[in-house]
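Enquirer: Sequence and predicted structure, then a few things I'm wondering about:
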Amino acid sequence: MVRTLSPFWRANGYETEFGAKLIGSLEGPPAYTDCVLGSCFFRNGTRRYIDVGMHHEVATGEVVTPEEVMYHVEASYLLARRYLPQRGAQRVVQRLYANNTSLSTQLSTYGVYTWSRHRNYQIPRDTDLYPLYDFLTSFMVSGILVFGSGYMLHGGGFLLSPRAHHITALYGGQTTCDRPLHNTRDEPHSTTSRRLHSTSLGNAQILPFMTAVDAAAMLGVLAVFETRRGEPPVLFDALKSMNALNADPGRLLSTDRGPMSAVDIQRWYFDRVYELVVEAGDEAVHLLPGVIRWGNILDGFARSLDPMDHRGVTDWTTKLAYQRVWMDRHPRPNDTDERRAWQTGLDSIEASMHEVTSETDSPSLRDRFIAKWSPLDADKLRAATEYGSPHTRARVRGWVQWFMETAYGKHEGLDWSAVTLRRPNTVGKYESFTGRVTLQDPLDPNPPDKLLEIVAATRPNFPLLEIL
């Protein structure tokens, strides 16, 4: 069944940027495979590529529910690990660290690049963007209290968000340097809707369930905006408030309603989201588990902001609690050489909490935290790695991918809104242009008739895959 865009049903997806580290000594720069530089799509709709600044990045295919977001993000990490770059026939051994600016910030002639995570949401084409941005600002700034992944500073300091202190403006079109809170690029991807490209200040990704909570909260807040459920508290200086909160989770923030804590501001949004989701019943039932967990987190923070009380509850509290235990056991030394080794130990902890390329016999801290506090269903993760969402056009891309791989042993480059087929010849190169089909509706998981005609003409009598 094809469902239409509504406040509770919209395509969305996450992009994750990686810091990378080569292991061992290698001569010359790494040479990347065509799969990476050619914007390779996988059968589940995930795209793997090297982005501006030569950093690794993966983007999930379009999904709908928060649970789909969580599993497809984790699947994208598995694919990033499975298809590491190569030099010739040799795979370059690397470590990949998901969206952690403390490990992957690069100084360049163009300034500072910060690798992070971005969220993308389908919204109606006629949405007035600046009122939406203003509605989201207080939610996103206060949200680092809930969704921050934490940032271990040199010397033992700590911030809630590794990204927040890199934000330099409220609005802007930049995606690499001088990051804004709200990205203003207009990217339609269909004739009836556009993509809202949102910077994720929190970058919650250590505990997978926090990805689902993040998705449920943001999807719920968008629904509140579209159904006009009131006006949120307005921060007098959003950037100043963001930096203050980043260093002090208990800081009161100046708003048009007087001083408010981040918990109070988040509660304003939560109350309206919860009320709306309950009223919507079955239409919004996929949001309810994440929304309930969001409320439980706020209840806990209202009682105490001590991270030791919230281990395994949010990313930043889990990270800070671990850091405090480690520092209690390893006091900061006065000797310069010893202090350097001590700092290396802290840096290793930070890296291990974001590593997605660890081996089974040597699990990272992230792997251990997932096993303890956020276990994943192996069957759902396997399905997310192999197949696109059954609710979106990512399913069509996966079907075309299967066709090209099975019929010709080749992958085929696809973009957000279209499918292009070129027939490979016997020497492995593409022959004449075969056809292009635009996928107008992000929420339509069915191959258009024209695409089926092109497939049949490209490979007569090929047994078409039953649509997954």
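Expert: Thanks, I have it.
Enquirer: all strands of the stretch 51-200 of the chain, in order?
Expert: Under the criterion DSSP state E, counting those that start in this stretch, strands of the stretch 51-200 of the chain are mapped to 55-59, 86-87, 90-91, 94-98, 106-108, 111-113, 117-124, 151-152, 158-159, 169-172, 180-183, 193-199.
Enquirer: how far does the last one sit from the chain's center?
Expert: So that's strand 193-199. Chain-centre distance of strand 193-199: 13 Å, with C-alpha atoms, centre = their mean, to the nearest Å.
Enquirer: per-residue pLDDT, residue 382?
Expert: On the pLDDT scale, residue 382 is placed at 95.
Enquirer: Confirm it sits in a strand?
Expert: No - per DSSP: H, G, I helix; E, B strand; the rest coil, residue 382 lies outside any strand segment and is helix.
Enquirer: Tell me who's in contact with residue 276.
Expert: Residues in contact with residue 276 (C-beta atoms under 8 Å, 6 or more residues apart in numbering) are 7, 220, 223-224, 227, 229, 284. From N, CA and C alone the C-beta is placed, and that goes for glycine too.
Enquirer: among the residues you listed, who's most crowded?
Expert: Per-residue neighbour counts (other C-beta atoms under 10 Å) across the contacts of residue 276 peak at residue 220, which has 26 neighbours.
Enquirer: pretty sure residue 366 is in a helix, no?
Expert: Yes - Residue 366: assigned to a helix according to three-state DSSP.
Enquirer: If I average pLDDT within each of the strands of the stretch 51-200 of the chain, which one is lowest?
Expert: Ranked by mean pLDDT, these bottom out at strand 106-108, with a mean of 35.
Enquirer: Now residue 304: closest residue in space, sequence neighbours ignored.
Expert: residue 310 (7.8 Å; C-beta to C-beta, 6 or more residues apart in numbering).
Enquirer: again, but for residue 227
Expert: With C-beta to C-beta, 6+ apart as the criterion, residue 227 has its nearest non-adjacent residue at 5.7 Å, and that residue is residue 7.
Enquirer: Residue 396 versus residue 116, what's the distance?
Expert: Taking C-beta to C-beta, to the nearest Å as the measure, residue 116 falls 29 Å from residue 396.
Enquirer: Which positions in stretch 296-307 come out as buried?
Expert: 297-298, 300-301, 305, 307 (16 or more other C-beta atoms under 10 Å).
Enquirer: Then stretch 228-248?
Expert: Neighbour-count burial for stretch 228-248, counted by 16+ other C-beta under 10 Å, picks out 229, 232-233, 235, 238-239, 241-243, 245-246.
Enquirer: Now do that stretch, average pLDDT.
Expert: What stretch 228-248 shows for mean pLDDT is 96.
Enquirer: For that stretch, give me every contacting residue.
Expert: Contacts to stretch 228-248, defined as C-beta under 8 Å, 6+ apart, come from residues 134-135, 137-139, 141-142, 144-145, 148, 159-161, 164-165, 167-170, 181, 201, 224, 251, 253-257, 260, 262, 264-265, 268-269, 272, 275-276.
Enquirer: CA atoms only for stretch 4-11, dumped as CSV, please.
Expert: The C-alpha coordinates for stretch 4-11 follow below in CSV (Å, rounded to 0.1, in the frame of the first residue of the first chain):
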residue,chain,number,x,y,z
THR,A,4,0.7,9.7,1.4
LEU,A,5,2.8,12.3,3.2
SER,A,6,1.2,13.2,6.5
PRO,A,7,2.3,14.7,9.9
PHE,A,8,3.0,11.1,11.1
TRP,A,9,4.2,9.4,7.9
ARG,A,10,7.1,10.9,6.1
ALA,A,11,10.3,9.6,4.5
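Enquirer: chain center to that stretch: distance?
Expert: 19 Å.
Enquirer: Could you check it and say which residues are buried?
Expert: For stretch 4-11, a neighbour-count test (16+ other C-beta under 10 Å) marks 5, 7-11 as buried.
Enquirer: Also stretch 143-160?
Expert: For stretch 143-160, by 16+ other C-beta under 10 Å, it's 143-152, 158-160.
Enquirer: Same question for stretch 251-265.
Expert: Using 16+ other C-beta under 10 Å as the test for burial, stretch 251-265 gives 253-255, 260-265.
Enquirer: tally of neighbours for residue 340?
Expert: Residue 340 has 10 nearby residues by other C-beta under 10 Å.
Enquirer: In terms of secondary structure, what does the host helix or strand of it contact?
Expert: Per DSSP states H and E, residue 340 falls inside helix 336-352. Helix 336-352 is packed against helix 101-104, strand 151-152, helix 315-329, helix 365-373, with contacts defined by 3 or more C-beta pairs under 8 Å, 6 or more residues apart in numbering; DSSP states H and E.
Enquirer: need the buried residues of stretch 4-11 in JSON lines with pLDDT, can you?
Expert: What follows is these, written out as JSON lines (pLDDT from 0 to 100):
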{"residue": "5", "pLDDT": "91"}
{"residue": "7", "pLDDT": "95"}
{"residue": "8", "pLDDT": "95"}
{"residue": "9", "pLDDT": "96"}
{"residue": "10", "pLDDT": "95"}
{"residue": "11", "pLDDT": "94"}
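Enquirer: and of the buried residues of stretch 228-248, the nearest to residue 380?
Expert: Using C-beta to C-beta, residue 229 comes nearest to residue 380 of the buried residues of stretch 228-248, at 32.3 Å.
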